[in-house]
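K.L.:
next comes the sequence, and after it the predicted model I'd like to discuss.
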Amino acid sequence: MSRVGKHPVALVQGVSAEIKDGALVVKGKLGSLSLPVHQEIDVTIVDNQIAVQPKTKTMRARMMWGTTRNNVANMVKGVSEGFKRVLDIEGVGFRAAVQGKDLVMQLGFSHEVRYPMPAGIEIKAEKPTQISIFGFDRQKVGQVAAEIRGFKKPEPYKGKGIRYAGERVRRKEGKKK
């Protein structure tokens, strides 16, 4: 029995939802998101709430029940508020700036690293050592943050690289004489 899936998702003011061609479409002030509904899951919209129930008692249906409910909750939050991920850049001479539709980073390589902004994602460099990623699709925001972090992951000896805000890098002791 899913403890997460039992709770319906409330539609906040300004968000509408409908089921079209086997997919749930959620629209809000920031945009529109669509989620294909698994064949073993039943999604209903009643009284400004989206309820998710399994059609059968199979293991697959029970697994998809809680997952679908959380995906629906993320869609509703995304189109109403949006999601934000902050990255910190640590290292001497490491910096980032937004130039047009590209994020340009100096990360200690012989060249600068350019990352084009995907559609639906807004990237800002408030400080030269901090990058903010904002969007209404949680998966896309997390994917963009992971790709940017992948250019220079934090290393364990000096801690240089790109890290998530609040991430602790486990440091190692260097060589001893």
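P.N.:
Right, received. Where do you want to start?
K.L.:
pull the CA coordinates from stretch 90-101 and hand them back as PDB.
P.N.:
In PDB, the C-alpha atoms belonging to stretch 90-101 read as follows (Å, rounded to 0.1, in the frame of the first residue of the first chain):
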ATOM      1  CA  GLU A  90      35.200  27.100  -6.100                       C
ATOM      2  CA  GLY A  91      38.700  27.600  -7.300                       C
ATOM      3  CA  VAL A  92      41.200  30.400  -8.200                       C
ATOM      4  CA  GLY A  93      40.300  32.000 -11.500                       C
ATOM      5  CA  PHE A  94      37.100  29.900 -11.900                       C
ATOM      6  CA  ARG A  95      34.100  32.000 -12.900                       C
ATOM      7  CA  ALA A  96      31.000  32.100 -14.900                       C
ATOM      8  CA  ALA A  97      29.000  34.700 -16.800                       C
ATOM      9  CA  VAL A  98      25.900  34.700 -19.100                       C
ATOM     10  CA  GLN A  99      26.600  36.000 -22.600                       C
ATOM     11  CA  GLY A 100      23.400  36.100 -24.700                       C
ATOM     12  CA  LYS A 101      21.900  32.600 -24.700                       C
END
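K.L.:
quick one, what contacts the nearest residue to residue 15 once chain neighbours are set aside?
P.N.:
Excluding its sequence neighbours, the residue lying closest to residue 15 (Cβ to Cβ, 6 or more residues apart in numbering) is residue 28, at 4.4 Å. In short, each C-beta sits where N, CA and C put it, glycine included. By Cβ atoms under 8 Å, 6 or more residues apart in numbering, the contact list for residue 28 reads 14, 15, 16, 76, 78, 79, 80, 136.
K.L.:
quick one, which of those are buried?
P.N.:
Using 16 or more other Cβ atoms under 10 Å as the burial test, those include 15, 76, 78, 79, 80, 136 as buried.
K.L.:
I'd say the third one and residue 138 touch.
P.N.:
What that stands for is residue 78. Yes: between residue 78 and residue 138 there is a contact under Cβ atoms under 8 Å: 5.7 Å.
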